[in-house]
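Peer 1: predicted coordinates and the sequence they were generated for:
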Amino acid sequence: MSGPRPVVLSGPSGAGKSTLLKRLMKEYEGVFGFSVSHTTRNPRPGEEDGKGLNCLPMLLGATLLPVADVLSSVTSEDYHFVTKEKMQEGIDKDEFIENAEFSGNMYGTSKSSIEDVQAQNLICILDVDIQGVRNIKKTDLNPIYISIQPPSMEILEKRLRDRQTETEDSLQKRLEAARIDMELSKEPGVFDIVIVNDDLEEAYEKLKSVLIEEIEKVQDAQK
Ligand SMILES: Nc1nc2c(ncn2[C@@H]2O[C@H](COP(=O)(O)OP(=O)(O)O)[C@@H](O)[C@H]2O)c(=O)[nH]1
Ligand SMILES: Nc1ncnc2c1ncn2[C@@H]1O[C@H](COP(=O)(O)OP(=O)(O)O)[C@@H](O)[C@H]1O
C-alpha cells in the first residue's frame with residue numbers, strides 16, 4: 001500500500017508557512033514529518049543544523065523515547081546549513097529532487113530528506129518556493145500543492161520587518177520575489193488550494209480542512 005500523499009507548502013517569504021506548519025506538526029504529533037532542506041543561507045537565531053529525521057537513529061540510540069516523542073522534536077524550520085561548494089557537490093551527484101536560488105542563497109530538497117519521512121509512513125511536508133513547485137511537478141512525488149499568500153504586499157512587508165530576520169537588501173529581494181510568487185499562484189492548475197493567511201485561526205482551519213483526509217489515513221494506520 002502506498003503511503004500518505006506528501007504536502008508541498010509554498011508562498012512568499014513572510015506569508016506564514018512556518019507558523020502554520022509548526023502549529024500543524026504540534027497538533028498532529030507523529031503524523032507529519034518535515035522534509036529538511038539544504039541551504040547556503042546563514043542560520044537565524046534559534047535555528048539549528050538539520051535536526052530532521054536523518055538523525056533519528058542517533059536520537060533513539062541515545063534515549064529510549066518513543067518515536068512519536070522524538071518526531072515531535074523536529075521543528076518545522078530546520079535546515080541542513082551547507083556551503084555553496086557542498087550544495088553544488090550534492091547537485092552534481094543528483095542527490096536533490098529539486099534545487100533553486102532564492103534571495104541570493106541556494107536551497108534544495110534532497111531525496112534522502114523525503115525518503116527519511118516516507119519510511120516512517122508519515123505525511124511528508126515540504127516548504128519550497130515557486131521554482132521548487134514547478135520542478136517537483138516534473139517528478140512522480142504527486143503531492144498536494146498548497147500556496148500560503150499574505151493579504152497584501154503592505155502586510156507582507158510589515159510582517160517581514162516585524163520578524164526582524166532580514167537585512168534591508170534581503171528584504172527587498174524577498175518582496176520582489178513575493179510579487180512574482182503572488183502573480184504565479186493565481187495561475188489555474190498550479191496549486192490545489194491557495195490560502196490567504198489574513199486571520200491566522202481561519203488560515204489554520206482552512207489548512208487543516210485540506211489535509212484532514214490524509215491525517216485520518218495516517219492515524220487509522222497507526223491504530
Ligand atoms: N526550491 C526550494 N525552496 C526552498 C527550499 N527550502 C526553503 N525554500 C524556500 O526558500 C524561501 C526562503 O526560505 P527561508 O530563507 O527559510 O525564509 P522564510 O520562508 O522567510 O522563512 C522560502 O520561500 C522557502 O519556501 C527548498 O528545499 N527548495
Ligand atoms: N496571520 C498572521 N497574522 C499576523 N502575523 C502573522 C500571521 N502569520 C504569520 N505571522 C507572522 O509573520 C511573520 C512571518 O511568518 P513565517 O511563518 O515566518 O512566514 P514564512 O515561513 O512563510 O516565511 C512571523 O513573524 C509570524 O509570526
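Peer 2: Good, I have the coordinates. Here the structure is a predicted model, which means the values were calculated and not measured. Ligands and ions are numbered 1, 2, ... in the order given.

Peer 1: how about the strand or helix carrying residue 156, does it reach ligand 2?
Peer 2: Using DSSP states H and E, residue 156 sits within helix 153-163. Yes. Judged by C-beta under 6 Å from any ligand atom, helix 153-163 comes into contact with ligand 2 at 159, 162, 163. C-beta here means a position set from N, CA and C on the backbone, and glycine is covered the same way.

Peer 1: can you flag the buried ones in those residues?
Peer 2: For these, a burial check counting by 16 or more other C-beta atoms under 10 Å picks out residue 159.

Peer 1: so which of the residues of helix 153-163 next to ligand 2 comes closest to residue 83?
Peer 2: Nearest to residue 83 among these is residue 163, at 25.4 Å by C-beta to C-beta.

Peer 1: ok, that closest one - contacts?
Peer 2: Counting by C-beta atoms under 8 Å, 6 or more residues apart in numbering, residue 163 touches residue 14.

Peer 1: touching the helix or strand where residue 183 lies from outside, list them.
Peer 2: Using DSSP H and E, residue 183 maps to helix 168-184. By C-beta under 8 Å, 6+ apart, the surrounding residues in contact with helix 168-184 are 10-15, 102-104, 129-130, 149-150, 153, 156-157, 160-161, 166, 190.

Peer 1: how about 6 Å then?
Peer 2: With contacts defined as C-beta atoms under 6 Å, 6 or more residues apart in numbering, helix 168-184 is touched by 12, 13, 103, 130, 156, 160.

Peer 1: number of residues surrounding the fourth one?
Peer 2: Residues near residue 130, counting by other C-beta atoms under 10 Å, number 23.

Peer 1: model confidence at it, what's the number?
Peer 2: Confidence at residue 130, expressed as pLDDT, is 96.

Peer 1: most widely separated two among the contacts of helix 168-184?
Peer 2: Longest span within those, C-beta to C-beta: 130 and 160, 17.2 Å.

Peer 1: residue 41 against residue 107, yeah?
Peer 2: No. With contact defined as C-beta atoms under 6 Å, residue 41 does not reach residue 107; the gap is 7.8 Å.

Peer 1: the protein against ligand 2: which residues are in contact?
Peer 2: So far as C-beta under 6 Å from any ligand atom goes, the chain lies against ligand 2 at 11, 13-19, 159, 162-163, 197, 200, 203.
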